[in-house]
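Engineer: what follows is a protein structure lacking sequence information:
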């Protein structure tokens, strides 16, 4: 079920729609590569570079790009190491949340603001749900074995009963 959700042919279209909607709501521009990494709300900011001339300060436009680093991050929930592009702010947020999995699972989708992060969150929720179902199945099988009566177990049925005459002597 999870692979069906994540391998949808409309993922690119959904990512584009999500980006357009967030731009409309927030009024900011996010780089397209932000959908392929975890940027934690950081975006391209435009500003001025002002020359240090007292009399006629010349201004030229410039843009400030987010500080993006490529990191290998281990996810205990998924049991694999992921090579991700993350901003330094996202790394600080992960430290504050208590780890990568806690950051992804406990952050709301609109704050993650990344198609990759939302897909990872869905994979983690699916894995946790499957692990929970498997643990419940093992626990129910263990309780079913422990509640069985001793006479109905194969070992008790195979053991011969002692005659009463030997028990008295």
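Structural biologist: Structure's in. What do you need? Everything numeric in this text was worked out from a predicted model, so none of it was measured. Residues are numbered from 1 along each chain as shown.
Engineer: show me where pLDDT drops low in the protein?
Structural biologist: 1-12, 14-31, 148-169 (pLDDT under 70).
Engineer: got the residue ranges for the helices in the protein?
Structural biologist: 2-6, 11-26, 88-97, 100-106, 109-112, 115-146, 154-158, 164-168 (DSSP state H).
Engineer: list the helices and strands the fourth one packs on?
Structural biologist: Other helices and strands packing on helix 100-106, by 3 or more Cβ pairs under 8 Å, 6 or more residues apart in numbering; DSSP states H and E, are strand 68-75, helix 88-97, helix 115-146. (C-beta placed from N, C-alpha, C; glycine too.)
Engineer: nearest to residue 54, of the ones you listed?
Structural biologist: For residue 54, the closest of those is helix 88-97, at 35.4 Å, according to Cβ to Cβ.
Engineer: and that closest one, what's buried?
Structural biologist: 90-91, 93-94 (16 or more other Cβ atoms under 10 Å).
Engineer: related to what we said a few turns ago, deepest of the helices and strands packed on helix 100-106, which one?
Structural biologist: Across those, averaging neighbours per residue (mean count of other Cβ atoms under 10 Å) puts helix 88-97 on top, at a mean of 16.
Engineer: helices or strands next to that one in the packing?
Structural biologist: strand 68-75, helix 100-106.
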